[in-house]
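Undergrad: here you go, sequence then predicted model.
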Amino acid sequence: MSSNNSKDDPAVRITRWGLYSNAGMVVVKGVGGYMLNSQSLIADAGHSVADLAADFLTLGTVSYAAQAVTQAYPNGYGKVETLGSLGVAGFLLVGGLGIGWSSAAHVLNDLFGTHIDAHSHTAVDPNALWLCLASLAVKEWLYRATMKIAIEQRSELLKANAYHHRMDSLSSLVATVAIGGVWLCGWTWLDPVGGLLVALTILNAAWQTARGALTELADESIDSTTRAKLTTAAEESVEALGIAAVKQVLGVQGHKSGPNYVIQVAMAVEGSLPVKSCNEIEELVGKYMIEHVDGVKRVDVRLLDAKKEHVAWTSLDKTIVEDAHHGHHHH
């Protein structure tokens, strides 16, 4: 069922567009860079190859992670997307190091005059500028379109892929400046130095992406803004459902799983409440939050005795309640 829908999924659609444009750019920039004699354009084409591989990875991962919750994966397949982000970071890392190495060799060649090959880059063709500007326009559009969907769907993987597009548009900008410098002022060093700057921006994006994915894989807790939003939603659920037995929402804890949230809610109720009523409350609150809060995939509701709210059954309850008390009681 989910695989049929994935074709119409905006995330899948924008990734496909990225894939097609990258495929075209690899050919155009690679051939153009060689014919027009530009190190920056060749570096740019190299990054488009890494981009293309990342697009394939993103496409496969987004489709796979969109599957419904199963018995084998009760929290959904969100973490698959996180693993995908780590993969994209790997592509960024390899691409950045490759471009850096190649450009550094050319900088050294310019500084020390070592003859690398006959294909010297002293005469960069100004036509390379048009290729760079076209690439800049396409990639900047792809960055904005992908980032918009990434934010809507809270997808770190799509964000990583958007950064890929932004890196490409930046590298095209650097290449444009570099080629202009060579053409107008005869500064041959500007072209490979441009390649080095591109490499640094790519490596920075690789680090940011990898760091985000690793903290998510380690189940880092949701941030305070998200926690406040979820606590409000839990309180609203009690009001909307008219559950008089719940005296107070003690706190919310949880973690991200790809674009989704897996959360635990602790609530204080009458100690004498029958188990049947407790089960009903747990089910109602959980269902309400999954339906009304975007991205909540699983809710565990824990009901604690209002008179003994400091006593908790598990360390998990303890952290939820303690967090809530630190948040609520300033006196």
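TA: Ah, there it is.
Undergrad: what about the helices in the protein?
TA: 2-6, 10-35, 39-65, 78-112, 128-153, 156-185, 190-217, 224-241, 275-292, 315-328 (DSSP state H).
Undergrad: format the ones you listed as TSV; extra columns: distance to Lys307.
TA: C-beta coordinates here come from the backbone N, C-alpha and C atoms, glycine included. Shown next, in TSV, are these (distance: least, C-beta to C-beta, whole Å):
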stretch	distance to Lys307
helix 2-6	45
helix 10-35	48
helix 39-65	43
helix 78-112	38
helix 128-153	43
helix 156-185	42
helix 190-217	38
helix 224-241	18
helix 275-292	15
helix 315-328	14
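Undergrad: nearest to Gln264, of these?
TA: Ranking the helices of the chain by proximity to Gln264 (C-beta to C-beta) places helix 315-328 first, at 6.0 Å.
Undergrad: tell me the mean pLDDT for the closest one?
TA: Computed over helix 315-328, the mean pLDDT rounds to 56.
Undergrad: ok, stretch 14-23 next?
TA: Here stretch 14-23 scores 92 as its mean pLDDT.
Undergrad: mind giving me the domain ranges of this protein?
TA: Domain assignment for the chain, taken from automatic domain parsing, gives 2-217, 224-328.
Undergrad: weakest of the helices of the chain by average pLDDT?
TA: Looking at those, the bottom one is helix 2-6 with a mean of 46.
Undergrad: would you list the helices of the chain in JSON lines and tack on distance to Leu304 and mean neighbour count?
TA: Converted to JSON lines, these look like this (distance: least, C-beta to C-beta, whole Å; neighbours: other C-beta atoms under 10 Å):
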{"stretch": "helix 2-6", "distance to Leu304": "36", "mean neighbour count": "12"}
{"stretch": "helix 10-35", "distance to Leu304": "39", "mean neighbour count": "19"}
{"stretch": "helix 39-65", "distance to Leu304": "34", "mean neighbour count": "24"}
{"stretch": "helix 78-112", "distance to Leu304": "28", "mean neighbour count": "20"}
{"stretch": "helix 128-153", "distance to Leu304": "34", "mean neighbour count": "19"}
{"stretch": "helix 156-185", "distance to Leu304": "33", "mean neighbour count": "24"}
{"stretch": "helix 190-217", "distance to Leu304": "29", "mean neighbour count": "20"}
{"stretch": "helix 224-241", "distance to Leu304": "14", "mean neighbour count": "17"}
{"stretch": "helix 275-292", "distance to Leu304": "11", "mean neighbour count": "15"}
{"stretch": "helix 315-328", "distance to Leu304": "7", "mean neighbour count": "16"}
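Undergrad: any idea which of those gets closest to Leu250?
TA: Nearest of the helices of the chain (C-beta to C-beta): helix 315-328, 4.7 Å.
Undergrad: next, the contact list for the closest residue to Arg166 other than its chain neighbours, please.
TA: Excluding the flanking residues, the one nearest Arg166 by C-beta to C-beta, 6 or more residues apart in numbering is Tyr143, at 4.3 Å. Neighbouring residues of Tyr143 by C-beta atoms under 8 Å, 6 or more residues apart in numbering: Ala162, Tyr163, His165, Arg166, Ser169.
Undergrad: ok, now with 7 Å
TA: Taking C-beta atoms under 7 Å, 6 or more residues apart in numbering, we find Tyr143 in contact with Ala162, His165, Arg166, Ser169.
Undergrad: got TSV for these, with distance to Trp187 too?
TA: Formatted as TSV, the contacts of Tyr143 follow (distance: C-beta to C-beta, whole Å):
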residue	distance to Trp187
Ala162	32
His165	28
Arg166	26
Ser169	23
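Undergrad: closest one of the residues you listed to Val31?
TA: After measuring the contacts of Tyr143 against Val31 - C-beta to C-beta - the closest member comes out as Ser169, at 20.4 Å.
Undergrad: from Tyr143, how far off is the closest one?
TA: Distance of Ser169 to Tyr143, computed by C-beta to C-beta, to the nearest Å: 6 Å.
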